[in-house]
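Enquirer: Provide a 3D model corresponding to the input given below.
(one chain, ligands or ions: 1)
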Amino acid sequence: MYIIAIDGPAASGKSTVAKLIAKQLGFSYLDTGAMYRAYTLYVIEHNIDPYNEELVNKNLININISFDKTDIYLNSINVTSRIREDDVTKLVSIVCAYKKVREYMVKLQREIASTSENGVILDGRDIGTVVFPNANLKIYLVASNEARAKRRKIDNDKLGIICSEEEVLKELIRRDEIDSQLKSELMTSLQPAFARISAMGVRYSALPAHTKEIADALNEEMSDKWSGLRGISVVSFGLSSATASEEDEKMIKELQ
Ligand code: DC
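Expert: Sure, this is the predicted structure:
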């Protein structure tokens, strides 16, 4: 089975790219962030103090998370839209940092992936390092802060959340800070590496199978649906979490 891991900062377009590649290759897409969101929703709805780690851990036995195509179910209830709401977004980074919660989700992610027929694509900060360190292909997706804020604002507008682009940007920067503080062995982020794809075109170097299809899919999509967000991304492909070249680092810094 072929496993693709996508990592990158919040709102860099990970899930959009993951869904696109899944469609292109006939893979299944597993939204791991949605799983942490679903459990956070359980915590909220059962008035569990999210800062009480022991209590949060204890309640894991009461949940059942499942997927049906693009929908996610928490104890048989479809929570696909509900988990995108503000209360969940604000607390998920607290809940997802607990060791037991992560162990539970990682185990479930491996189980779900093992039932996939062709291949599976997963996004999240720990996918290429902890969940599937031997993934066949790892993608690190970055985007400028402006493009990230723009994308998050469009998402928020769809959900009826009223906020300015400046507010969105501030929240993204706050999330980046939390995410970098929370880094640990349990959720190491993949680092940018090797070749890259940008909105300008594709460059290859030592890339594994399927990359061409992925690159073609990305290019096609960028010139069409994403034309309004053209500056959005540079994508780095890599096989290891510690192979970011100096040049990659420099370029990515310049973009952000
Ligand atoms: O991608 P998202 O915003 O839906 O993710 C929700 C939260 O879950 C976010 O705080 C990052 C976290 N997350 C994680 O810790 N590990 C993953 N594999 C995926 C998401």
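
Enquirer: Leaving aside the residues adjacent along the chain, what's closest to residue 29?
Expert: Leaving aside its chain neighbours, residue 29 sits nearest to residue 22 (3.9 Å; criterion: C-beta to C-beta, 6 or more residues apart in numbering). C-betas here are computed from N, CA, C, even on glycine.

Enquirer: Check the gap between that neighbour and the ligand for me.
Expert: 16 Å (C-beta to the nearest ligand atom, to the nearest Å).

Enquirer: Wait, a strand at that residue?
Expert: No. Using DSSP: H, G, I helix; E, B strand; the rest coil, the assignment for residue 22 is helix, not a strand.

Enquirer: residues near it, how many?
Expert: Using other C-beta atoms under 10 Å, residue 22 has 21 other residues around it.

Enquirer: With residue 130 instead?
Expert: Residue 130 has 21 neighbours, counted by other C-beta under 10 Å.

Enquirer: hang on, it packs against residue 105?
Expert: No. Using C-beta atoms under 8 Å, residue 130 is not in contact with residue 105; the gap is 10.5 Å.

Enquirer: Just the helices from the stretch 1-150 of the chain, written as ranges.
Expert: For the stretch 1-150 of the chain, the helices defined by DSSP state H, counting those that start in this stretch occupy 14-25, 32-45, 53-58, 86-95, 99-114, 145-159.

Enquirer: Can you name the residues of the stretch 101-250 of the chain sitting close to the ligand?
Expert: Residues of the stretch 101-250 of the chain lying close to the ligand by C-beta under 6 Å from any ligand atom are 124-127, 187.

Enquirer: quick one: which of those is nearest residue 10?
Expert: Nearest to residue 10 among those, counting by C-beta to C-beta, is residue 125 at 9.4 Å.

Enquirer: wait, the closest one sits on residue 179?
Expert: Yes. Taking C-beta under 8 Å as the definition, residue 125 is a contact partner of residue 179 at 6.8 Å.

Enquirer: Which residue of these two possesses the greater neighbour count?
Expert: More crowded of residue 125 and residue 179, by other C-beta under 10 Å: residue 125, with 23 against 17.

Enquirer: List the contacts of the residue nearest to residue 29.
Expert: Shown in contact with residue 22 (C-beta atoms under 8 Å, 6 or more residues apart in numbering): 28-29, 121.

Enquirer: Residue 156 and residue 47: what is the separation?
Expert: Distance from residue 156 to residue 47, counting by C-beta to C-beta, to the nearest Å: 26 Å.

Enquirer: likewise residue 137?
Expert: Distance from residue 137 to residue 47, by C-beta to C-beta: 42 Å.

Enquirer: Which one's more surrounded, these two?
Expert: Between residue 137 and residue 47, counted using other C-beta under 10 Å, the more crowded position is residue 137 (22 against 6).
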